[in-house]
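Trainee: no sequence for this one, just the structure:
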């Protein structure tokens, strides 16, 4: 939805709460974003949760795991979903796992059952400045 409204990337972090056996999507505070990536302010993961991965769009392009995604995902072990073709009635989704040393494709159906999506909260749609084109890698950068 963010891509459809603003033609920019965004990111949701996936938190897992083992005691509750529940997942939650967390929208971190954004610093800057554009059509090629997003910078966000990493927040501490709650003590009763594990950061399990992320979801981010590739806009009108098909979902694929880019070189920048590879670098980011190795630094963030977990399951990472990339959504593409957001202008189409059916989006494409690429699923990648990371163990902290490498990343590798995972069949989407092995990881998620695609639910009926609820309307995202309005606070996810704030305007943020365009990101700079620096390609330096630091925590809180998601492409």
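Mentor: Ah, there it is. Worth saying up front: this structure is predicted, and the values here are computed from it rather than measured. Residues are numbered from 1 along each chain as shown.
Trainee: and the nearest residue to residue 77 once chain neighbours are set aside, how many neighbours does it have?
Mentor: The shortest distance from residue 77 to any residue other than its chain neighbours is 4.2 Å, reached at residue 100 (Cβ to Cβ, 6 or more residues apart in numbering). Where C-beta positions appear, they are placed from N, C-alpha and C, glycine not excepted. Under the neighbour criterion other Cβ atoms under 10 Å, residue 100 is assigned a count of 11.
Trainee: Mind jotting down where the strands sit in the protein?
Mentor: Per DSSP state E, the chain carries strands over the ranges 12-17, 22-26, 30-34, 37-40, 50-57, 78-84, 92-98, 103-105, 141-142.
Trainee: so which of those gets nearest residue 4?
Mentor: Closest to residue 4 of these is strand 50-57 (Cβ to Cβ; 9.5 Å).
Trainee: Mind listing what's buried along that closest one?
Mentor: Neighbour-count burial for strand 50-57, with 16 or more other Cβ atoms under 10 Å as criterion, is recorded at 51-57.
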